[in-house]
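J.: Quick one, fold the following:
(chains A and B)
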Amino acid sequence: MEIKVTVNGKKFTSDVEPRTLLVHYVREVLNLTGTNVGCDTSSCGACSLHLDGEAVKSCTILAVQADGAEITTIEGMAAADGTLHPMQQAFMENHGLQCGFCTPGMVMAATSLLKEIPNPTEEEVRIGLEGNLCRCTGYHNIVKAVLAAAGK
Amino acid sequence: MIPAAFEYVRASSAAEAISLIGQHGSDAKFIAGGHSLLPMMKLRLAQPAVLVDISRISDLSYIKDAGDHIAIGAMTRHMDVEKSSVLAQHAPLLAHAASHVGDPQVRHRGTIGGSIAHADPASDLPATTLALGATYVVRGPSGTREIAASDFYKSFLESDLAEDEMLTEIRVPKMNGAGWSFQKFNRRAQDWAIVGVAAWRGANGSGVGLVNMGQTPILASSVSSALAGGASIADAAALAVADAQPSADNNATVEYRTHLAKVLVRRALEQASA
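T.: All right, here's what the predicted structure looks like:
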(Lines give C-alpha, C1' and ligand atoms only; values in the text may rest on other atoms or scores of the structure.)
Protein backbone atom coordinates (compact mmCIF):
# COMPACT_ATOMS: atom_id res chain seq x y z
CA MET A 1 0.00 0.00 0.00
CA GLU A 2 1.30 3.45 -0.85
CA ILE A 3 1.81 5.91 1.99
CA LYS A 4 2.92 9.53 1.96
CA VAL A 5 4.61 10.91 5.06
CA THR A 6 6.72 13.90 5.97
CA VAL A 7 9.66 12.89 8.13
CA ASN A 8 11.93 15.52 9.65
CA GLY A 9 10.60 17.99 7.07
CA LYS A 10 11.20 15.76 4.03
CA LYS A 11 8.39 14.21 2.04
CA PHE A 12 8.47 10.48 1.32
CA THR A 13 6.21 8.24 -0.73
CA SER A 14 6.67 4.53 -0.03
CA ASP A 15 5.01 1.26 -0.82
CA VAL A 16 4.69 -0.74 2.41
CA GLU A 17 3.10 -3.98 3.51
CA PRO A 18 0.16 -3.19 5.82
CA ARG A 19 1.83 -5.13 8.63
CA THR A 20 4.97 -2.98 8.57
CA LEU A 21 5.34 -1.29 11.92
CA LEU A 22 6.14 2.42 11.89
CA VAL A 23 9.41 1.85 13.75
CA HIS A 24 10.57 -0.64 11.10
CA TYR A 25 9.55 1.74 8.34
CA VAL A 26 11.56 4.57 9.88
CA ARG A 27 14.60 2.42 10.64
CA GLU A 28 14.75 0.09 7.66
CA VAL A 29 13.12 1.99 4.80
CA LEU A 30 14.22 5.53 5.68
CA ASN A 31 17.45 4.38 7.40
CA LEU A 32 16.77 6.61 10.39
CA THR A 33 18.15 4.30 13.04
CA GLY A 34 18.16 6.76 15.93
CA THR A 35 14.73 5.49 16.92
CA ASN A 36 15.39 2.27 18.83
CA VAL A 37 13.42 -0.93 19.26
CA GLY A 38 13.59 -1.89 22.91
CA CYS A 39 10.87 -4.03 24.42
CA ASP A 40 8.74 -4.18 21.25
CA THR A 41 5.63 -4.30 23.49
CA SER A 42 4.84 -0.55 23.94
CA SER A 43 6.29 -0.57 27.45
CA CYS A 44 9.80 0.88 27.28
CA GLY A 45 9.39 3.95 25.09
CA ALA A 46 12.72 3.56 23.24
CA CYS A 47 10.81 3.77 19.94
CA SER A 48 9.09 7.07 20.82
CA LEU A 49 8.85 9.61 18.03
CA HIS A 50 6.50 12.47 17.24
CA LEU A 51 3.44 11.83 15.11
CA ASP A 52 1.77 15.13 14.24
CA GLY A 53 3.62 16.75 17.11
CA GLU A 54 2.85 14.23 19.85
CA ALA A 55 5.02 11.46 21.28
CA VAL A 56 3.84 7.98 20.35
CA LYS A 57 5.32 4.49 20.50
CA SER A 58 6.20 3.57 16.94
CA CYS A 59 6.42 -0.18 17.69
CA THR A 60 2.65 -0.17 18.20
CA ILE A 61 1.58 1.81 15.15
CA LEU A 62 1.35 0.52 11.61
CA ALA A 63 3.15 2.55 8.98
CA VAL A 64 -0.12 2.65 7.02
CA GLN A 65 -1.79 4.31 10.03
CA ALA A 66 0.76 7.13 9.75
CA ASP A 67 -0.16 7.83 6.12
CA GLY A 68 -0.38 11.61 5.65
CA ALA A 69 1.26 12.38 8.99
CA GLU A 70 4.14 14.64 9.96
CA ILE A 71 6.76 12.60 11.77
CA THR A 72 9.77 13.84 13.71
CA THR A 73 12.48 11.44 14.84
CA ILE A 74 15.52 12.16 17.00
CA GLU A 75 17.47 12.90 13.79
CA GLY A 76 15.12 15.83 13.16
CA MET A 77 15.63 17.51 16.53
CA ALA A 78 18.93 19.32 16.02
CA ALA A 79 19.05 22.37 13.76
CA ALA A 80 20.41 22.03 10.21
CA ASP A 81 23.76 23.48 11.31
CA GLY A 82 24.09 20.81 14.00
CA THR A 83 23.04 22.98 16.95
CA LEU A 84 21.42 20.63 19.39
CA HIS A 85 17.78 20.99 20.38
CA PRO A 86 17.56 22.58 23.86
CA MET A 87 16.38 19.23 25.25
CA GLN A 88 19.39 17.42 23.77
CA GLN A 89 21.68 20.12 25.13
CA ALA A 90 20.08 19.79 28.57
CA PHE A 91 20.57 16.00 28.54
CA MET A 92 24.23 16.55 27.68
CA GLU A 93 24.82 19.19 30.33
CA ASN A 94 23.03 17.27 33.08
CA HIS A 95 24.50 13.87 32.25
CA GLY A 96 21.01 12.64 31.43
CA LEU A 97 22.31 9.49 29.76
CA GLN A 98 24.60 6.60 30.49
CA CYS A 99 24.47 3.92 27.79
CA GLY A 100 22.26 6.11 25.60
CA PHE A 101 19.83 3.46 24.38
CA CYS A 102 16.73 5.04 25.94
CA THR A 103 17.88 8.58 25.16
CA PRO A 104 16.20 9.18 21.78
CA GLY A 105 12.88 8.03 23.21
CA MET A 106 13.42 10.05 26.39
CA VAL A 107 14.14 13.21 24.39
CA MET A 108 11.09 12.72 22.19
CA ALA A 109 8.80 11.99 25.17
CA ALA A 110 10.24 14.90 27.16
CA THR A 111 9.80 17.45 24.35
CA SER A 112 6.21 16.26 23.86
CA LEU A 113 5.66 16.60 27.61
CA LEU A 114 6.90 20.20 27.65
CA LYS A 115 4.48 21.07 24.85
CA GLU A 116 1.62 19.88 27.06
CA ILE A 117 3.03 21.14 30.37
CA PRO A 118 5.55 23.94 29.64
CA ASN A 119 6.56 24.43 33.27
CA PRO A 120 6.26 21.05 34.95
CA THR A 121 7.07 20.26 38.55
CA GLU A 122 9.56 17.48 39.22
CA GLU A 123 6.65 15.17 39.98
CA GLU A 124 4.95 16.05 36.70
CA VAL A 125 8.16 15.22 34.84
CA ARG A 126 8.45 11.86 36.59
CA ILE A 127 4.80 11.02 35.85
CA GLY A 128 5.08 12.42 32.33
CA LEU A 129 7.98 10.08 31.55
CA GLU A 130 6.26 6.99 32.97
CA GLY A 131 6.21 5.48 29.49
CA ASN A 132 10.00 5.48 29.13
CA LEU A 133 12.32 3.06 30.87
CA CYS A 134 16.04 3.59 31.52
CA ARG A 135 17.82 0.37 32.45
CA CYS A 136 20.90 2.30 33.61
CA THR A 137 18.53 3.80 36.24
CA GLY A 138 19.60 7.26 35.21
CA TYR A 139 16.21 8.77 35.97
CA HIS A 140 17.52 11.35 38.42
CA ASN A 141 19.62 13.18 35.85
CA ILE A 142 17.03 12.70 33.12
CA VAL A 143 14.50 14.51 35.30
CA LYS A 144 17.09 17.22 36.02
CA ALA A 145 17.70 17.61 32.30
CA VAL A 146 13.99 17.98 31.50
CA LEU A 147 13.56 20.57 34.25
CA ALA A 148 16.62 22.41 32.94
CA ALA A 149 15.20 22.40 29.42
CA ALA A 150 11.95 23.79 30.83
CA GLY A 151 13.96 26.73 32.11
CA LYS A 152 14.16 25.76 35.77
CA MET B 1 7.61 -9.08 16.49
CA ILE B 2 5.61 -8.54 13.34
CA PRO B 3 1.93 -9.34 12.89
CA ALA B 4 0.77 -11.99 10.43
CA ALA B 5 -0.11 -10.52 7.04
CA PHE B 6 -3.48 -8.87 6.64
CA GLU B 7 -5.35 -6.61 4.28
CA TYR B 8 -5.84 -3.00 5.40
CA VAL B 9 -8.80 -0.79 4.52
CA ARG B 10 -9.67 2.62 5.88
CA ALA B 11 -13.19 3.86 6.61
CA SER B 12 -14.10 7.52 6.50
CA SER B 13 -17.53 7.16 8.12
CA ALA B 14 -19.30 4.81 10.52
CA ALA B 15 -21.61 3.67 7.70
CA GLU B 16 -18.63 2.79 5.49
CA ALA B 17 -16.92 0.99 8.38
CA ILE B 18 -19.98 -1.19 9.01
CA SER B 19 -20.33 -1.91 5.32
CA LEU B 20 -16.63 -2.89 5.09
CA ILE B 21 -16.78 -5.16 8.13
CA GLY B 22 -19.91 -6.75 6.65
CA GLN B 23 -18.13 -7.48 3.37
CA HIS B 24 -15.16 -9.12 5.07
CA GLY B 25 -17.03 -11.11 7.69
CA SER B 26 -15.68 -12.70 10.82
CA ASP B 27 -12.01 -12.55 9.75
CA ALA B 28 -12.09 -8.75 9.87
CA LYS B 29 -11.49 -6.52 12.87
CA PHE B 30 -11.92 -2.82 13.50
CA ILE B 31 -8.75 -1.00 14.51
CA ALA B 32 -8.83 2.39 16.23
CA GLY B 33 -5.73 3.47 18.17
CA GLY B 34 -4.56 -0.13 17.97
CA HIS B 35 -3.00 -0.18 21.41
CA SER B 36 -4.89 -3.28 22.51
CA LEU B 37 -5.19 -5.03 19.14
CA LEU B 38 -1.69 -4.53 17.71
CA PRO B 39 0.14 -6.01 20.73
CA MET B 40 -2.09 -9.08 20.40
CA MET B 41 -1.42 -9.27 16.67
CA LYS B 42 2.33 -8.97 17.24
CA LEU B 43 2.14 -11.92 19.64
CA ARG B 44 -0.04 -13.73 17.05
CA LEU B 45 -2.78 -14.04 19.66
CA ALA B 46 -4.96 -12.32 17.08
CA GLN B 47 -4.63 -12.86 13.33
CA PRO B 48 -7.38 -10.95 11.57
CA ALA B 49 -7.32 -11.28 7.77
CA VAL B 50 -8.58 -7.72 7.32
CA LEU B 51 -8.21 -4.59 9.42
CA VAL B 52 -10.82 -1.86 8.99
CA ASP B 53 -9.20 1.35 10.26
CA ILE B 54 -11.82 3.52 11.95
CA SER B 55 -9.42 5.91 13.66
CA ARG B 56 -9.92 8.62 11.05
CA ILE B 57 -13.66 8.87 11.45
CA SER B 58 -13.31 12.37 12.84
CA ASP B 59 -17.01 12.86 13.58
CA LEU B 60 -16.71 10.12 16.21
CA SER B 61 -14.23 12.16 18.22
CA TYR B 62 -16.10 14.53 20.55
CA ILE B 63 -17.11 15.22 24.14
CA LYS B 64 -20.49 16.96 24.38
CA ASP B 65 -22.74 18.11 27.18
CA ALA B 66 -26.06 16.42 26.37
CA GLY B 67 -28.18 17.61 29.29
CA ASP B 68 -28.33 14.84 31.87
CA HIS B 69 -25.29 13.06 30.47
CA ILE B 70 -22.02 13.64 28.64
CA ALA B 71 -21.79 12.06 25.18
CA ILE B 72 -18.33 10.88 24.18
CA GLY B 73 -17.51 9.75 20.65
CA ALA B 74 -15.93 6.31 20.55
CA MET B 75 -12.83 7.58 18.70
CA THR B 76 -12.03 10.13 21.42
CA ARG B 77 -8.49 9.49 22.62
CA HIS B 78 -7.62 8.88 26.27
CA MET B 79 -5.59 12.11 26.31
CA ASP B 80 -8.64 14.09 25.20
CA VAL B 81 -10.83 12.42 27.84
CA GLU B 82 -8.18 13.16 30.47
CA LYS B 83 -7.91 16.86 29.54
CA SER B 84 -11.60 17.55 28.84
CA SER B 85 -12.97 20.53 30.77
CA VAL B 86 -16.52 19.24 30.22
CA LEU B 87 -15.63 15.94 31.88
CA ALA B 88 -13.61 17.68 34.61
CA GLN B 89 -16.82 19.46 35.54
CA HIS B 90 -19.43 16.75 35.04
CA ALA B 91 -17.68 13.37 35.23
CA PRO B 92 -14.30 13.96 36.89
CA LEU B 93 -13.96 10.30 37.84
CA LEU B 94 -13.81 9.33 34.16
CA ALA B 95 -11.31 12.04 33.23
CA HIS B 96 -9.10 11.02 36.13
CA ALA B 97 -9.33 7.30 35.29
CA ALA B 98 -8.33 8.09 31.69
CA SER B 99 -5.15 9.74 33.00
CA HIS B 100 -4.17 6.35 34.47
CA VAL B 101 -4.41 4.42 31.20
CA GLY B 102 -0.96 3.30 30.04
CA ASP B 103 1.36 6.27 29.66
CA PRO B 104 1.24 9.56 27.70
CA GLN B 105 2.35 7.96 24.43
CA VAL B 106 -0.35 5.31 24.76
CA ARG B 107 -2.95 7.95 25.64
CA HIS B 108 -2.06 9.90 22.49
CA ARG B 109 -3.26 6.92 20.43
CA GLY B 110 -5.66 4.75 22.43
CA THR B 111 -9.38 5.57 22.35
CA ILE B 112 -12.16 5.19 24.91
CA GLY B 113 -14.24 3.23 22.41
CA GLY B 114 -11.39 0.88 21.61
CA SER B 115 -10.77 0.20 25.27
CA ILE B 116 -14.43 -0.53 25.99
CA ALA B 117 -14.97 -2.65 22.87
CA HIS B 118 -11.86 -4.68 23.78
CA ALA B 119 -13.69 -5.53 27.06
CA ASP B 120 -10.55 -6.27 29.04
CA PRO B 121 -11.42 -6.71 32.73
CA ALA B 122 -7.95 -5.35 33.58
CA SER B 123 -8.53 -2.06 31.75
CA ASP B 124 -9.47 1.07 33.66
CA LEU B 125 -12.24 2.55 31.53
CA PRO B 126 -14.62 -0.43 31.22
CA ALA B 127 -14.92 -0.68 35.02
CA THR B 128 -15.08 3.10 35.43
CA THR B 129 -17.90 3.58 32.92
CA LEU B 130 -19.66 0.58 34.47
CA ALA B 131 -19.46 2.22 37.92
CA LEU B 132 -20.85 5.44 36.46
CA GLY B 133 -23.87 3.68 34.96
CA ALA B 134 -22.88 4.52 31.39
CA THR B 135 -24.80 3.54 28.28
CA TYR B 136 -23.00 2.48 25.12
CA VAL B 137 -24.40 3.32 21.69
CA VAL B 138 -23.73 0.69 19.06
CA ARG B 139 -24.32 0.91 15.33
CA GLY B 140 -24.89 -2.02 13.01
CA PRO B 141 -26.23 -2.62 9.49
CA SER B 142 -29.83 -2.22 10.67
CA GLY B 143 -29.39 0.88 12.82
CA THR B 144 -28.31 1.81 16.31
CA ARG B 145 -29.08 0.35 19.71
CA GLU B 146 -28.21 1.33 23.26
CA ILE B 147 -26.69 -1.12 25.69
CA ALA B 148 -26.36 -0.48 29.41
CA ALA B 149 -22.77 -0.97 30.52
CA SER B 150 -24.10 -3.49 33.05
CA ASP B 151 -25.39 -5.65 30.15
CA PHE B 152 -22.41 -5.19 27.83
CA TYR B 153 -19.61 -7.34 29.24
CA LYS B 154 -20.17 -11.05 28.63
CA SER B 155 -16.88 -12.83 29.29
CA PHE B 156 -13.12 -12.35 29.02
CA LEU B 157 -12.57 -9.94 26.08
CA GLU B 158 -16.14 -10.67 24.98
CA SER B 159 -18.93 -8.14 24.82
CA ASP B 160 -22.46 -7.89 23.52
CA LEU B 161 -21.16 -6.34 20.27
CA ALA B 162 -22.01 -8.40 17.19
CA GLU B 163 -19.29 -8.90 14.57
CA ASP B 164 -20.84 -6.31 12.29
CA GLU B 165 -21.55 -3.76 15.01
CA MET B 166 -19.42 -0.82 16.04
CA LEU B 167 -19.38 1.11 19.30
CA THR B 168 -19.97 4.75 18.38
CA GLU B 169 -20.75 6.65 21.59
CA ILE B 170 -20.38 6.39 25.34
CA ARG B 171 -23.01 8.21 27.44
CA VAL B 172 -21.95 8.97 30.97
CA PRO B 173 -24.53 10.36 33.43
CA LYS B 174 -23.46 13.62 35.01
CA MET B 175 -22.06 13.07 38.48
CA ASN B 176 -23.75 16.23 39.86
CA GLY B 177 -21.03 16.90 42.39
CA ALA B 178 -20.90 13.37 43.82
CA GLY B 179 -17.68 12.43 45.61
CA TRP B 180 -15.42 10.01 43.81
CA SER B 181 -12.19 8.08 43.99
CA PHE B 182 -10.03 6.03 41.66
CA GLN B 183 -7.68 3.54 43.26
CA LYS B 184 -5.22 1.69 41.06
CA PHE B 185 -2.78 -0.71 42.66
CA ASN B 186 0.10 -1.86 40.51
CA ARG B 187 3.78 -2.61 40.85
CA ARG B 188 5.07 -0.31 38.12
CA ALA B 189 3.79 2.96 36.68
CA GLN B 190 2.01 2.29 33.29
CA ASP B 191 1.09 -1.31 34.27
CA TRP B 192 -2.42 -2.66 34.31
CA ALA B 193 -3.97 -2.62 37.76
CA ILE B 194 -3.46 -5.73 39.89
CA VAL B 195 -6.74 -4.49 41.37
CA GLY B 196 -8.42 -1.18 40.63
CA VAL B 197 -11.50 0.53 42.04
CA ALA B 198 -13.57 3.32 40.49
CA ALA B 199 -16.15 4.65 42.95
CA TRP B 200 -18.56 7.53 43.38
CA ARG B 201 -20.98 8.40 46.16
CA GLY B 202 -23.61 11.12 46.09
CA ALA B 203 -27.17 12.08 46.88
CA ASN B 204 -28.52 9.48 44.42
CA GLY B 205 -26.57 6.53 45.74
CA SER B 206 -23.20 5.11 44.80
CA GLY B 207 -21.40 3.07 42.19
CA VAL B 208 -18.34 0.87 42.57
CA GLY B 209 -16.51 -0.70 39.63
CA LEU B 210 -13.74 -3.24 40.08
CA VAL B 211 -10.80 -3.63 37.69
CA ASN B 212 -9.17 -7.05 37.23
CA MET B 213 -11.43 -8.88 39.68
CA GLY B 214 -13.00 -11.39 37.29
CA GLN B 215 -13.56 -12.35 33.66
CA THR B 216 -15.32 -9.03 33.07
CA PRO B 217 -15.18 -5.62 34.71
CA ILE B 218 -17.25 -5.99 37.89
CA LEU B 219 -20.00 -3.80 39.31
CA ALA B 220 -19.83 -4.25 43.08
CA SER B 221 -23.61 -3.95 43.55
CA SER B 222 -23.52 -5.51 47.02
CA VAL B 223 -21.35 -2.66 48.27
CA SER B 224 -23.77 -0.02 46.94
CA SER B 225 -26.79 -1.89 48.33
CA ALA B 226 -25.18 -2.07 51.75
CA LEU B 227 -24.41 1.66 51.71
CA ALA B 228 -27.99 2.41 50.64
CA GLY B 229 -29.18 0.30 53.58
CA GLY B 230 -27.15 2.41 55.99
CA ALA B 231 -24.07 0.19 56.38
CA SER B 232 -20.81 1.78 57.45
CA ILE B 233 -18.02 2.14 54.89
CA ALA B 234 -16.06 -0.61 56.61
CA ASP B 235 -19.02 -3.00 56.55
CA ALA B 236 -19.84 -2.17 52.92
CA ALA B 237 -16.20 -2.58 51.84
CA ALA B 238 -16.16 -6.03 53.42
CA LEU B 239 -18.59 -7.00 50.63
CA ALA B 240 -16.17 -5.85 47.89
CA VAL B 241 -15.74 -9.30 46.38
CA ALA B 242 -19.35 -10.49 46.79
CA ASP B 243 -19.96 -9.84 43.08
CA ALA B 244 -16.44 -10.67 41.85
CA GLN B 245 -14.69 -13.83 40.70
CA PRO B 246 -10.99 -13.03 41.08
CA SER B 247 -8.42 -15.41 39.65
CA ALA B 248 -4.70 -15.82 40.25
CA ASP B 249 -1.94 -14.69 37.91
CA ASN B 250 1.78 -13.84 38.09
CA ASN B 251 1.05 -10.76 40.18
CA ALA B 252 -1.42 -11.98 42.76
CA THR B 253 -3.08 -15.01 44.32
CA VAL B 254 -6.85 -15.07 44.73
CA GLU B 255 -6.43 -14.41 48.47
CA TYR B 256 -4.19 -11.42 47.89
CA ARG B 257 -6.49 -9.97 45.26
CA THR B 258 -9.49 -10.45 47.55
CA HIS B 259 -7.74 -8.65 50.39
CA LEU B 260 -6.60 -5.87 48.09
CA ALA B 261 -10.10 -5.31 46.73
CA LYS B 262 -11.55 -4.90 50.23
CA VAL B 263 -8.82 -2.45 51.25
CA LEU B 264 -9.07 -0.42 48.03
CA VAL B 265 -12.87 -0.27 48.12
CA ARG B 266 -12.70 1.00 51.70
CA ARG B 267 -10.15 3.65 50.75
CA ALA B 268 -12.17 4.63 47.70
CA LEU B 269 -15.39 5.00 49.69
CA GLU B 270 -13.63 7.01 52.39
CA GLN B 271 -12.26 9.37 49.77
CA ALA B 272 -15.57 9.57 47.88
CA SER B 273 -17.45 10.28 51.11
CA ALA B 274 -15.07 12.93 52.41
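J.: Neighbours of the residue lying closest to B:Thr135 once chain neighbours are set aside, how many?
T.: Leaving aside its sequence neighbours, B:Thr135 sits nearest to B:Arg171 (CB to CB, 6 or more residues apart in numbering or on different chains; 4.4 Å). (Glycine included, C-beta is placed from N, CA and C.) Close neighbours of B:Arg171, defined as other CB atoms under 10 Å in any protein chain shown, add up to 19.
J.: Check B:Pro217 too.
T.: Number of residues near B:Pro217 (other CB under 10 Å) recorded here: 30.
J.: Let me see the contact set for residue 38.
T.: Just so you know, I chose chain A. Counting by CB atoms under 8 Å, 6 or more residues apart in numbering or on different chains, A:Gly38 makes contact with A:44-47, A:101-102, A:105, A:133.
J.: was after chain B, sorry
T.: Remark: with contacts taken as CB under 8 Å, 6+ apart, B:Leu38 is in contact with A:60-62, B:3, B:31.
J.: where along chain A do the helices fall?
T.: For chain A, the helices defined by DSSP state H cover A:22-24, A:86-93, A:103-116, A:122-128, A:139-149.
J.: Redo the ones you listed as TSV? Include mean pLDDT, mean neighbour count and distance to A:Met77.
T.: Formatted as TSV, the entries for these read as follows, by pLDDT from 0 to 100; neighbours: other CB atoms under 10 Å in any protein chain shown; distance: least, CB to CB, whole Å:
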stretch	mean pLDDT	mean neighbour count	distance to A:Met77
helix A:22-24	98	24	17
helix A:86-93	97	19	6
helix A:103-116	98	24	7
helix A:122-128	97	16	18
helix A:139-149	97	21	12
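J.: TSV for those helices, including distance to A:Gly9?
T.: As requested, those are arranged in TSV below (distance: least, CB to CB, whole Å):
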stretch	distance to A:Gly9
helix A:22-24	18
helix A:86-93	17
helix A:103-116	16
helix A:122-128	26
helix A:139-149	22
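J.: As TSV, the ones you listed with distance to chain B would be great.
T.: As requested, these are arranged in TSV below (distance: least, CB to the nearest CB, whole Å):
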stretch	distance to chain B
helix A:22-24	8
helix A:86-93	15
helix A:103-116	7
helix A:122-128	6
helix A:139-149	11
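J.: Quick one: neighbours of the residue of the stretch 1-150 of chain B found nearest chain A, just the number.
T.: Using CB to the nearest CB, the closest approach of the stretch 1-150 of chain B to chain A is made by B:Asp103 at 2.7 Å. Neighbourhood size, B:Asp103 [other CB under 10 Å]: 24.
J.: Next up, the contacts around the closest residue in space to it that isn't next to it in sequence.
T.: Taking CB to CB, 6+ apart, and ignoring the residues beside it in sequence, B:Asp103 has A:Gly131 as its nearest neighbour in space, at 2.7 Å. Shown in contact with A:Gly131 (CB under 8 Å, 6+ apart): A:43, A:45, A:48, A:55, A:57, A:109, B:102-106, B:190.
J.: Would you mind measuring from A:Gly131 to B:Asp191?
T.: According to CB to CB, to the nearest Å, A:Gly131 stands 11 Å off from B:Asp191.
J.: correct me, but A:Met108 touches A:Ser48?
T.: Yes - contact between A:Met108 and A:Ser48 holds when scored by CB atoms under 8 Å: they sit 4.3 Å apart.
J.: want to throw the contacts of A:Gly131 into JSON lines with distance to B:Ser181?
T.: As requested, those are arranged in JSON lines below (distance: CB to CB, whole Å):
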{"residue": "A:Ser43", "distance to B:Ser181": "27"}
{"residue": "A:Gly45", "distance to B:Ser181": "29"}
{"residue": "A:Ser48", "distance to B:Ser181": "31"}
{"residue": "A:Ala55", "distance to B:Ser181": "29"}
{"residue": "A:Lys57", "distance to B:Ser181": "30"}
{"residue": "A:Ala109", "distance to B:Ser181": "29"}
{"residue": "B:Gly102", "distance to B:Ser181": "21"}
{"residue": "B:Asp103", "distance to B:Ser181": "22"}
{"residue": "B:Pro104", "distance to B:Ser181": "23"}
{"residue": "B:Gln105", "distance to B:Ser181": "26"}
{"residue": "B:Val106", "distance to B:Ser181": "23"}
{"residue": "B:Gln190", "distance to B:Ser181": "21"}
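J.: picking that back up, give the other helices and strands that the helix or strand hosting the residue nearest to B:Thr135 contacts.
T.: Using DSSP states H and E, B:Arg171 falls within strand B:166-173. For strand B:166-173, the helices and strands in contact under the criterion 3 or more CB pairs under 8 Å, 6 or more residues apart in numbering or on different chains; DSSP states H and E are helix B:14-24, strand B:69-73, helix B:112-118, strand B:135-140.
J.: All the strands of chain A, residue numbers only.
T.: In order along the chain, chain A carries the following strands (DSSP state E): A:2-7, A:10-15, A:48-51, A:54-57, A:70-72.
J.: what do you get for the stretch 1-150 of chain B?
T.: Counting by DSSP state E, counting those that start in this stretch, the stretch 1-150 of chain B forms strands over residues B:7-10, B:28-31, B:50-53, B:63-65, B:69-73, B:135-140, B:143-148, given from the N-terminal end onward.
J.: ok, which residues in chain B are in contact with chain A?
T.: Of all the residues in chain B, those in contact range of chain A (CB under 8 Å from any CB of the partner chain) are B:1-8, B:31, B:34-35, B:38-39, B:42, B:51, B:53, B:55, B:79, B:102-106, B:108-109, B:189-190.
J.: Could you report the pLDDT at the residue nearest to B:Thr135?
T.: Among the per-residue scores, B:Arg171 shows a pLDDT of 98.
J.: didn't it look like it was pressed against B:Val137?
T.: Yes - taking contacts as CB under 8 Å, B:Arg171 lies within contact range of B:Val137: 6.7 Å.
J.: what sits in contact with each of those two?
T.: Applying CB under 8 Å, 6+ apart, one finds that B:Arg171 and B:Val137 are jointly contacted by B:Glu146.
J.: any idea of the mean pLDDT in the lengthiest helix in chain B?
T.: For chain B, the helix with the greatest residue count under DSSP H is helix B:254-273. Summarised as a single mean, pLDDT over helix B:254-273 is 98.
J.: Pull out the buried positions in it.
T.: With burial defined by 16 or more other CB atoms under 10 Å in any protein chain shown, the residues of helix B:254-273 counted as buried are B:257-258, B:260-272.
J.: Tell me the helices and strands packed up against it.
T.: Contact analysis of helix B:254-273 by 3+ CB pairs under 8 Å, 6+ apart lists strand B:179-185, strand B:195-202, strand B:205-211, helix B:221-228, helix B:233-237 as its packing neighbours.
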